[in-house]
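Engineer: sequence plus the predicted model coming up.
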Amino acid sequence: MSQHLQREVENLKKKLLSLGAKVERAVRDATLSIEQRDSDLAVKVIEDDLSIDQMEVEVEEDCLKILALHQPVAIDLRFIVAVLKINNDLERIGDLAVNIAERATFLASRAPVNISFDFVEMAGKAQLMLKKSLDALVNISTETAINVRASDDEIDAMNRDMYLIVQKAMSEKTDQTQELMHLLSVSRHIERMADHACNIAEDVIYMIEGRIVRHKIEHYD
């Protein structure tokens, strides 16, 4: 790799990680806005999404510029392809954080719904998956990426539990059907965030090993 290309790649990686940090913050704040019934924090998440969108465009433009000017090959090419895909997944996670924040603004205006489900725990697990998927990119770690994929089952199980909780609550809290549906949407959005974190982990594996692992179960010994 030429020094100029290496410099471009390092700058690209920094931009992607900055975007990842911003998205992680959006997920955390959106979840807190649900827990704390904080509509002001929810509005901030919604407003900050524009900067996430702008960063996503910048990263994509940088990738295309590197492809055009340097015509990278082998792992350098796989890195650029992976960044393009990871960039898109991060933007989608940002959109899901906005969706959660929008649910929070509605819920903050209604009476609290008492159900036995910990959104903060579920969102925390999804955030950890996102963090580890980006760590796998930084540390060039297939093991970390595989562990991220393995964590998705737990999030899926929590989402199924939430569906059953809401189903039962709807028969008992008939005056809070709308609120319950919004809470179920929050759970689904968190589950989708975890799916995107898995996508990022899969792209890291592709970058490192040049193999596509979508739809395959990976085990690391």
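Structural biologist: All right, it came through fine. Small disclaimer: the values here were computed from a predicted structure and weren't measured. Residues are numbered from 1 along each chain as shown.
Engineer: neighbours around Met162, how many?
Structural biologist: 22 (other Cβ atoms under 10 Å). Every C-beta, even on glycine, is put in place using the N, C-alpha and C of the backbone.
Engineer: give me the pLDDT value at it.
Structural biologist: pLDDT for Met162: 93.
Engineer: next one: it from Lys22, what distance?
Structural biologist: 27 Å (Cβ to Cβ, to the nearest Å).
Engineer: give me the buried positions along the lengthiest helix in the chain.
Structural biologist: Counting residues, the longest helix found in the chain (DSSP state H) is helix 74-108. Within helix 74-108, the residues that qualify as buried are 76-105, 107-108, counting by 16 or more other Cβ atoms under 10 Å.
Engineer: for the chain, which spans come out with low pLDDT?
Structural biologist: 1, 215-221 (pLDDT under 70).
Engineer: helix or strand: which one has the closest residue to Arg110 other than its chain neighbours?
Structural biologist: Excluding its sequence neighbours, the residue lying closest to Arg110 (Cβ to Cβ, 6 or more residues apart in numbering) is Glu179, at 5.3 Å. In the assignment (DSSP states H and E), Glu179 maps to helix 177-209.
Engineer: show me how far that helix is from its chain's centre.
Structural biologist: 6 Å (Cα atoms, centre = their mean, to the nearest Å).
Engineer: which secondary structure elements does that helix contact?
Structural biologist: Where contact means 3 or more Cβ pairs under 8 Å, 6 or more residues apart in numbering; DSSP states H and E, helix 177-209 is packed against helix 3-35, helix 74-108, helix 119-139, helix 142-172.
Engineer: now those helices as TSV including distance to Val213?
Structural biologist: Converted to TSV, the helices and strands packed on helix 177-209 look like this (distance: least, Cβ to Cβ, whole Å):
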stretch	distance to Val213
helix 3-35	20
helix 74-108	12
helix 119-139	13
helix 142-172	8
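Engineer: and Asp203, which of those helices is closest to it?
Structural biologist: Ranking those by proximity to Asp203 (Cβ to Cβ) places helix 74-108 first, at 4.3 Å.
Engineer: how far is that closest one from where the chain is centred?
Structural biologist: With Cα atoms, centre = their mean, you get 5 Å for helix 74-108.
Engineer: tilt between it and helix 3-35?
Structural biologist: For helix 74-108 against helix 3-35, the angle by axes from the mean of the first three to the mean of the last three Cα atoms, to 10 degrees is 20 degrees.
Engineer: other SSEs contacting helix 74-108?
Structural biologist: Helix 74-108 packs on helix 3-35, helix 39-70, helix 119-139, helix 177-209, going by 3+ Cβ pairs under 8 Å, 6+ apart.
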